[in-house]
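A.B. asks: Next come a sequence and a model predicted from it.
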Amino acid sequence: MIRINARLDIKGPNLVKGVSLEGLRVLGTPQEFARRYYEQGADAIFYMDTVASLYGRNNLVEIVQQTAKEIFIPLNVGGGVRSLEDIYTLLRAGADKVAINTAAIHHSELLKEGIMHFGSQSIVLSVEAKQRAPGKYECLTDNGRQRTGVDVFEWVAKAEDLGVGEILLTSVDQDGTGRGFDLELIRRVTERVSIPVIASGGAGCMAHVRQAIEEGGADAVACASLFHYEVAKKAWQCIHPTDIGQLKAHLAEKGIPCRGV
Amino acid sequence: MPRGLTPKITIVDYGLSNLFSVEHAFKHLGARVVVSSDPKEILKAEKLVIPGVAVFGEAMFQLSRRQLVEPILKHIRSGRFLLGICLGMQILFTFGEEFGLHEGLGVFQGKVVPLRPEASRGYEHYKIPNIGWHCLMIPSSRKTWTGTLLEDLEPQEALYFIHSFVPVFEEPSIVVAQMQWGERCYGVALQKENIFGVQFHPEKSGKQGLQILNRFLDL
């Protein structure tokens, strides 16, 4: 079954949402949104700390603990994970998987050691992809703030060789715009690796999610704006907010199997 | 089934996995929960849970290092209930093949081997690790799930899996549920006398998972 995940970007105690990872608006608290998504039938929750690498702090632990006490679906956490100690702390706080981007690009041994110690199913590689030229995509780090010169497709292949279990692929260009996923980006990554790929960034309506699956070949999607603006009952750009139950029903009608439908 | 005394669950802490979710799932269901790596605490357990998302060899190393192997085996021999979740079920077997060959607890004959990837069929992708929700099937040797931890489960209710390895059962009679994955069918839940095991994560499977844990509490 295709997994429908909710992605919650966090800054301090707040759920935030930006466009292309910038211009963050506060929408509420992560815990209240996560609970709504659990009730709506989300297959997993992603908590991404948007400023951890910038300020050198990890403040997610408390939020993770509070959430894990109430919602009984997978909780995956990323942002500022820099060491085995960080991974351990988050797993012990109730996270099921830890998503790593910045530290993995700078020190790929962290990935390798994390996998050896905690298993490949505990580590998700988070990739922030920015298009530089037709067909050329660069990895960004620090929640879209830093360039690396690293090619996305080479990086994902290398990470798979290191034993990474799954990839969270975010299109920086499309994120928060509601203009649709970057299908070329998704397709090229799903063709390059044989591990599951979660597509993120750009969903503005249910049809976009279908495209990510049908044309991109994604194994799962992680949507933010699409779901947040339904819960928050706010209008934003060209997003047509939807709740998770509605989305799953729509996908199932189109022949895409989803849990709970 | 109405409960008399508050049921007590002891969760084995061997230093690796997310214990928090298992602990809170049982607390949410009204149990008193002890999380411990102390062999004396394990010996006092009424019902024991071995959780696990980690690596087979590392798990066995940590259990041995903390002198938890004997207390777990004593608990089993005494007839008290035990639930192994994911890796916690896998280590009940004789051997595991993750990053080399490692001995398990040897409670059940069989080896834990890698899942083999299968070709995708439409939107059913069979990649390794197997991360996702799957429905279970009743094995042909049983007719129902009555009398098992899965008694409340509706066939269309999926459970959450995340693993790259599966046990190969040498005693098929202990298999309580199967999962169809690609061309193959795997045993993903076991029950023998006082011992229960599930490959999926009931603490991560929403309402249907909590019901399974609740059945364990009610034993």
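C.D. replies: Looks like it came in fine.
A.B. asks: Nearest to chain B within the stretch 1-150 of chain A, name that residue for me.
C.D. replies: Using CB to the nearest CB, the point where the stretch 1-150 of chain A gets nearest to chain B is residue A:94, with a distance of 3.8 Å. No exception for glycine: its C-beta is placed from N, CA and C like everyone else's.
A.B. asks: And the residue of chain B that's closest to chain A?
C.D. replies: Checked against chain A (CB to the nearest CB), the nearest residue in chain B is residue B:20, 3.8 Å away.
A.B. asks: Now do the contacts for that residue.
C.D. replies: Residues counted as contacts of residue B:20 (CB atoms under 8 Å, 6 or more residues apart in numbering or on different chains) are A:65, A:68, A:92, A:93, A:94.
A.B. asks: Now the last one: closest residue in space that isn't a chain neighbour?
C.D. replies: Looking back up the chat, that one is residue A:94. Computed as CB to CB, 6 or more residues apart in numbering or on different chains, the closest residue to residue A:94 that is not its neighbour in sequence is residue A:68, at 2.6 Å.
A.B. asks: C-terminal to whatever helix or strand residue A:37 lives in, what's the next element?
C.D. replies: Residue A:37 belongs to helix A:30-40 when assigned by DSSP states H and E. Towards the C-terminus, the helix or strand next in line after helix A:30-40, according to DSSP H and E, is strand A:44-49.
A.B. asks: What ranges does chain A have for its strands?
C.D. replies: Assigned by DSSP state E, the strands in chain A fall at A:3-11, A:14-19, A:22-28, A:44-49, A:75-78, A:97-100, A:123-133, A:136-141, A:146-151, A:166-171, A:197-200, A:220-223.
A.B. asks: Of those, which is nearest residue A:188?
C.D. replies: Taking CB to CB, strand A:136-141 is the member of the strands of chain A nearest to residue A:188, at 8.1 Å.
A.B. asks: which residues touch the spatially closest residue to residue A:217 that is not a sequence neighbour?
C.D. replies: Using CB to CB, 6+ apart and skipping residues adjacent in sequence, the residue nearest residue A:217 is residue A:190, 3.8 Å away. Residue A:190 sits next to A:197, A:216, A:217, A:218, A:219 when contact means CB under 8 Å, 6+ apart.
A.B. asks: Which residue would you name as the spatial centre of chain B?
C.D. replies: Taking CA atoms, centre = their mean, the centroid of chain B lies closest to residue B:85, which sits 2.4 Å from it.
A.B. asks: ok, back up a step: nearest to residue B:13, of the contacts of residue B:20?
C.D. replies: Distances from residue B:13 to the contacts of residue B:20, taken as CB to CB, are shortest for residue A:92 (9.5 Å).
A.B. asks: Against residue A:82, how distant is the spatially closest residue to that closest one that is not a sequence neighbour?
C.D. replies: Nearest residue to residue A:92, sequence neighbours excluded (CB to CB, 6+ apart): residue B:20, at 6.3 Å. In this structure, residue B:20 and residue A:82 are 21 Å apart, going by CB to CB, to the nearest Å.
A.B. asks: which residue packs closest to the residue of chain B most remote from its centre, ignoring adjacent ones?
C.D. replies: In chain B, the residue that sits farthest from the middle, by CA atoms, centre = their mean, is residue B:122; the gap is 29.8 Å. If the residues on either side of it in the chain are set aside, residue B:122 comes closest to residue A:255, at 7.4 Å by CB to CB, 6+ apart.
A.B. asks: since we're on the residue lying closest to residue B:145 once chain neighbours are set aside, how many residues are nearby?
C.D. replies: Here the nearest residue to residue B:145 in space, its sequence neighbours aside, is residue B:151; by CB to CB, 6+ apart that works out to 5.2 Å. Applying other CB atoms under 10 Å in any protein chain shown, we find 12 residues neighbouring residue B:151.
A.B. asks: Show the average pLDDT along stretch A:14-32.
C.D. replies: With pLDDT averaged residue by residue, stretch A:14-32 scores 90.
A.B. asks: Name the residues of it that come out as buried.
C.D. replies: For stretch A:14-32, a neighbour-count test (16 or more other CB atoms under 10 Å in any protein chain shown) marks A:14-21, A:24, A:27, A:29-31 as buried.
A.B. asks: tell me which helix or strand of chain A sits lowest on mean pLDDT?
C.D. replies: helix A:52-55 (a mean of 62; mean pLDDT, DSSP states H and E).
A.B. asks: For residue B:90, see how far away the nearest residue to residue B:86 once chain neighbours are set aside is.
C.D. replies: Closest residue to residue B:86 in three dimensions, ignoring its sequence neighbours and counting by CB to CB, 6+ apart: residue B:52, at 5.1 Å. Here the criterion is CB to CB. By it, residue B:52 lies 7 Å from residue B:90.
A.B. asks: that older thread, next, find the distance separating the residue nearest to residue B:122 from residue A:2.
C.D. replies: In this structure, residue A:255 and residue A:2 are 11 Å apart, going by CB to CB.
A.B. asks: Up against chain B, what does the stretch 51-200 of chain A have?
C.D. replies: A:65, A:68-70, A:72-75, A:91-97, A:116-122, A:165-166, A:194-196 (CB under 8 Å from any CB of the partner chain).
A.B. asks: For burial, what's the neighbour tally of the residue nearest to residue A:94?
C.D. replies: 25.
A.B. asks: who touches residue 136 in this structure?
C.D. replies: By default, I'm working from chain A. The contact partners of residue A:136, by CB under 8 Å, 6+ apart, come to residue A:151.
A.B. asks: please go with chain B instead
C.D. replies: With CB under 8 Å, 6+ apart, residue B:136 has these contacts: B:150, B:153, B:155, B:159, B:177, B:178, B:179, B:188, B:189.
A.B. asks: which one of these is nearest residue A:52?
C.D. replies: When the contacts of residue B:136 are compared for distance to residue A:52, the smallest value, 32.1 Å, is given by residue B:159; criterion: CB to CB.
A.B. asks: residues near the closest residue to the closest one other than its chain neighbours, how many?
C.D. replies: Nearest residue to residue B:159 in three dimensions, chain neighbours excluded: residue B:200, at 3.9 Å (CB to CB, 6+ apart). Summarising burial for residue B:200: neighbours were counted as other CB under 10 Å, giving 27.
A.B. asks: do residue A:251 as well
C.D. replies: Taking other CB under 10 Å as the neighbour definition, residue A:251 ends up with a count of 23.
A.B. asks: With residue B:79 instead?
C.D. replies: Residue B:79: 9 neighbours (other CB under 10 Å).
A.B. asks: What residues does it make contact with?
C.D. replies: The contact partners of residue B:79, by CB under 8 Å, 6+ apart, come to B:193, B:194.
A.B. asks: now residue A:205
C.D. replies: Neighbouring residues of residue A:205 by CB under 8 Å, 6+ apart: A:178, A:226, A:239, A:240, A:242.
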